[in-house]
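# I'll drop the sequence and a predicted model, then ask my questions.
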Amino acid sequence: MIEGLAAIYIFMLAGFTGYEIISKVPVILHTPLMSGSNFVHGIVLVGAMVALGIAETTAQQVIGFIAVLLGAGNAVGGYVVTERMLEMFRPSDKKAKGEDS
């Protein structure tokens, strides 16, 4: 019982700490911050898969499955945002074709 309460306490503390850290980052840096931390999303996904692999009860399996889904979505979303950010710095062919007409 105490271990479960400790885990909930750590989870809540991590959530509040993460919120406070991210809220202090200027908006213009959010995208580079996300692209620079894509590897962390992969580590979270691997951790979720390990947790799902050692799950014994149905509740643990459900929570592990949800963690894998959310971790995968987070990792894919990070790469999608990075790709969109990089597209902003590529020369646009549409502008060049529109100016020639």
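Done, it's in.
# C-alpha from now on. contacts and neighbour counts both.
OK.
# what about P91, is that helix, strand or coil?
coil (DSSP: H, G, I helix; E, B strand; the rest coil).
# Quick one: neighbours of it, just the number.
9 (other C-alpha atoms under 10 Å).
# pLDDT on the longest helix along the chain, on average?
Counting by DSSP state H, the longest helix found in the chain is helix 58-87. The average of the pLDDT scores along helix 58-87 is 86.
# Now do that helix: which elements does it pack against?
helix 30-36, helix 38-53 (3 or more C-alpha pairs under 8 Å, 6 or more residues apart in numbering; DSSP states H and E).
# That helix vs helix 38-53, what angle?
Angle between the axes of helix 58-87 and helix 38-53 is 160 degrees (criterion: axes from the mean of the first three to the mean of the last three C-alpha atoms, to 10 degrees).
# buried ones in helix 58-87?
Going by neighbour count (16 or more other C-alpha atoms under 10 Å), the buried part of helix 58-87 is 61, 64-65, 67-68, 70-72, 74-75, 77-79, 82.
# re earlier: by mean pLDDT, show me the worst of the helices and strands packed on helix 58-87.
helix 30-36 (a mean of 63).
# Grab the most central residue of the protein for me.
N74 (3.6 Å; C-alpha atoms, centre = their mean).
# chain center to the longest helix of the chain, what's the gap?
6 Å (C-alpha atoms, centre = their mean, to the nearest Å).
# where does I21 sit relative to A7, distance-wise?
21 Å (C-alpha to C-alpha, to the nearest Å).
# And I66, by the same measure?
18 Å.
# Ok, A75 next?
Relative to A7, and taking C-alpha to C-alpha, A75 is found at 24 Å.
# same thing with V46?
19 Å.
# I43 now?
19 Å.
# that older thread, list the contacts for the nearest residue to the residue nearest to the centre of the chain once chain neighbours are set aside?
Take N74 and drop its neighbours on the chain: the residue closest to it by C-alpha to C-alpha, 6 or more residues apart in numbering is H41, 6.4 Å away. Residues near H41 by C-alpha atoms under 8 Å, 6 or more residues apart in numbering: G71, A72, N74, A75, G78.
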